[in-house]
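Asks: Would you be able to build a 3D model of this:
(2 chains)
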Amino acid sequence: MQALYAQLLVGLINGSFYALLSLGLAVIFGMLNIINFAHGALYMMGAFCAYFLLNIAGIGYWWALIIAPIVVGIFGMILERTMLQWLSGLDHVYGLLLTFGIALIIQGVFQNYFGSSGLPYQIPDALRGGMNLGFMFLPIYRGWVVVFSLVICLATWFLIEKTQLGAYLRAATENPTLVRAFGINVPRMITLTYGLGVGLAALAGVLSAPINQVRPLMGADLIIVVFAVVVIGGMGSIMGSIITGFALGVIEGLTKYFYPEASNTVVFVLMVLVLLVKPTGLTGRAA
Amino acid sequence: MKNRISALLLGTALTFASANLALAQDKTVKIGSLSDQSGLYSDLGGPGSTLAAQMAVEDSGLLAKGWKIDVISGDHQNKPDIGSTIARQWFDVDKVDVIVDVPNSGVALAVNNVVKEKNGVYINSGAATSDLTNAQCTPNTVHWTYDTYMLAHSTGQALVKSGGDTWFFLTADYAFGAALERDTTAVVTANGGKVLGSVKHPLNTSDFSSFLLQAQSSKAKIIGLANAGGDTTNSIKQAAEFGIVSGGQKLAALLLFLTDVKALGLDIAQGLNFTETFYWDMNDQTRAFSKRFSERSKGHAMPSMVQAGVYAGLRHYFKALEALGGNPHDGTKIVEKMKSIPTEDDLFGKGEIQPNGRAIHPAYLFEVKKPSESKGPWDFYKLVATVPADQAFTPLSESKCALLKK
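Replies: Purely as a prediction, here's the structure:
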């Protein structure tokens, strides 16, 4: 039973990465109608950004949490301005293919320069060590990841669903012409939204750097699962992707305990089931 | 009349030409370096192995003697079906004579069958499974660098003898992990130890916390990592995080490469015991080779033992070709010749290739240095013990290879 608690907690930790990443995807899909396959590569860039900040500029983890999402976010906005914006109004598949190509290019460039085994990044001193919870040894850093990403997820949800700015955003997606008539710069808002989604991916990358190796393919391994999370949660649903992210982390954790061989596939089995029963996803609205 | 003379001349010329063809030795060789070129094993093999093959060609001196030797490379993406398709195409279309490297035991075993079918030569350096020279041995295969038996015996035995008598395995869920766990379990139980359990994880896993928690709660003294590359580095890194080592359990990285230690950093990797058959900083010859290698390698990396094995294996292959005088297209004949010549090279020292295809040479038990002991960017290992060549690998009496039952 104790082991079960431990697995639940570990699942929650992984779930927080899924949640952060799928949240970014949901924001981008919901507002821009783009299936952002470059998300994994941008997540990886966040981790690399943290590595460079530390090893070139001597800037530590805490500042990296702020700087890396901004840097990668700006990179994302440049992508949106120079490439993605020309695809608005076209079929989803164009955006998917373009971002997939971008992802392959980014990963290839990083792999060429940094190889595949990855680079080391240490846990910041303040978050080292762990607590004995009785049923498991919880590394403080992992606890921090869960709390921090939960806060970020809820803040993003609040920003989009409950604030004036969020209302503009949602309105701009529904009817851009009308919103423009109110004197709001819709293209700029869309660029900023893409930057926000990308920044969330980069933030997840920084969070993950001390846990996983900083590797060029770290995002490619994760992105497929995250897409399954988004599909299960319902494309474009903010709260849906947060809840599904955490829930699937837990389910995966339990699978690792009961039948580890299936831990890579359980998410996809669920995805198939959800698609068969409720094709719009658990919380999705019909398009 | 004129016509008849020219016909006669032409006929004679043709006869001479064809006789010449039969007499002249064919001295064209094509080497295929088949590896994981972009995934988790690409740093320990990959482009570095192709470079090692290229260097072996240059250093063999055969080019100056009129041989024409080409090296091509392919990416098997860690998928057995892709690996065997490339191998098949190389033999059928590209006329490749010898396939080298091939990390990933699953792919290695698939390619093993193709090489046998096509009667090519297979000098495997990258794969670990001892099955290549055991149940699945072929007259076309030489397994050069290391195998699971050797890893299990060297590292496993050393740890059991120093008091680590209860084990729990974290095993990569494919041919390699299964072979390594099997061979290590045999060593542990033979030395009076006990295996308390194991958990199989999918290849290329990024989060090991669930598996590590299971290992932790098993209370085993040793957690054996029967995985490789990125899987091993992630396990080690996350084990440190979960306080496994500080809690008194010890990690056994059954297979650890130079590139893994580099990726982990000495802070985390220090104190790990593991076995390799080559390290760049062993003696003047290995240092000289490694310096030349790193001048040309990506990121100026030092060679891993897999890449060194590609070089040494090919050098020995060229010795056999030279002794035969040419015609590199009959695989079994060349491998037979390779087995009949004792091996000796700068990187692995003296040894031999046994009848089952196993190349034997000394194995070294290393320990990763503390950060304070390391003097340079690749100064990572200190030597703990040397296992002589004749004790490091499967004794022929235990080998299940059919070639031995003649």
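
Asks: Need the three-state assignment for B:M302.
Replies: When classified by DSSP: H, G, I helix; E, B strand; the rest coil, B:M302 comes out as coil.

Asks: For it, give its distance to B:Y364.
Replies: 15 Å (Cβ to Cβ, to the nearest Å). For every residue, glycine as well, the C-beta is placed using N, CA and C.

Asks: Next: A:S241.
Replies: Distance, A:S241 to B:Y364, by Cβ to Cβ: 51 Å.

Asks: Same check on B:T277?
Replies: Applying Cβ to Cβ, the value for B:T277 to B:Y364 is 7 Å.

Asks: Pretty sure A:Y61 sits against A:P210.
Replies: Yes - A:Y61 is within contact range of A:P210, at 7.4 Å (criterion: Cβ atoms under 8 Å).

Asks: so what sits against both of those two?
Replies: Common neighbours of A:Y61 and A:P210, using Cβ atoms under 8 Å, 6 or more residues apart in numbering or on different chains, are A:P124.

Asks: since we're on B:P371, how many residues are nearby?
Replies: 11 (other Cβ atoms under 10 Å in any protein chain shown).

Asks: Counting neighbours, go ahead and name the busier of B:M302 and B:Y364.
Replies: Neighbours were tallied for B:M302 and for B:Y364 using other Cβ under 10 Å; the higher tally belongs to B:M302 (25 against 20).

Asks: residues from the stretch 151-300 of chain B in reach of chain A?
Replies: Neighbours of chain A within the stretch 151-300 of chain B, by Cβ under 8 Å from any Cβ of the partner chain: B:173, B:199-202, B:204-207, B:209-211, B:213-214, B:216-217, B:229-230, B:233-234, B:237-238, B:241-243, B:247, B:259-260, B:262-265, B:267-268, B:298-299.

Asks: If we use 7 Å, what do you get?
Replies: Residues of the stretch 151-300 of chain B lying near chain A by Cβ under 7 Å from any Cβ of the partner chain: B:173, B:199-202, B:204, B:206-207, B:209-211, B:213, B:217, B:229-230, B:233-234, B:237-238, B:241-243, B:259-260, B:263-265, B:267, B:298-299.

Asks: Return the subset of the residues you listed lying in helices.
Replies: B:209-211, B:213, B:217, B:229-230, B:233-234, B:237-238, B:241, B:259-260, B:263-264, B:267 (DSSP state H).

Asks: I'd like to know which residues of chain A are adjacent to chain B.
Replies: A:3, A:6-7, A:10, A:13-14, A:111, A:115-120, A:122-123, A:130, A:136-137, A:139, A:141, A:211-213, A:215, A:218, A:221-222, A:253, A:256-257, A:260-261, A:263-264.

Asks: all strands of the stretch 1-150 of chain A, in order?
Replies: Remark: strands assigned in the stretch 1-150 of chain A by DSSP state E, counting those that start in this stretch are A:130-132, A:137-139.

Asks: Of these, which stretch is the most buried?
Replies: Highest mean neighbour count among those (mean count of other Cβ atoms under 10 Å in any protein chain shown): strand A:137-139, with a mean of 21.

Asks: So which other helices or strands are in contact with that one?
Replies: strand A:130-132 (3 or more Cβ pairs under 7 Å, 6 or more residues apart in numbering or on different chains; DSSP states H and E).

Asks: Show residues contacting the strand it packs on.
Replies: Contacting residues not belonging to strand A:130-132 are listed as A:F137, A:L138, A:P139, A:I140, B:G243 [Cβ atoms under 7 Å, 6 or more residues apart in numbering or on different chains].

Asks: what sits against the second one?
Replies: Spelled out, that is A:L138. A:L9, A:G130, A:M131.

Asks: from these, which is closest to chain B?
Replies: A:G130 (5.3 Å; Cβ to the nearest Cβ).

Asks: so how far is B:A263 from the residue found closest to that closest one once you drop the neighbours it is linked to in the chain?
Replies: Leaving aside its sequence neighbours, A:G130 sits nearest to A:P139 (Cβ to Cβ, 6 or more residues apart in numbering or on different chains; 4.4 Å). From A:P139 over to B:A263 the distance is 20 Å, taken as Cβ to Cβ.
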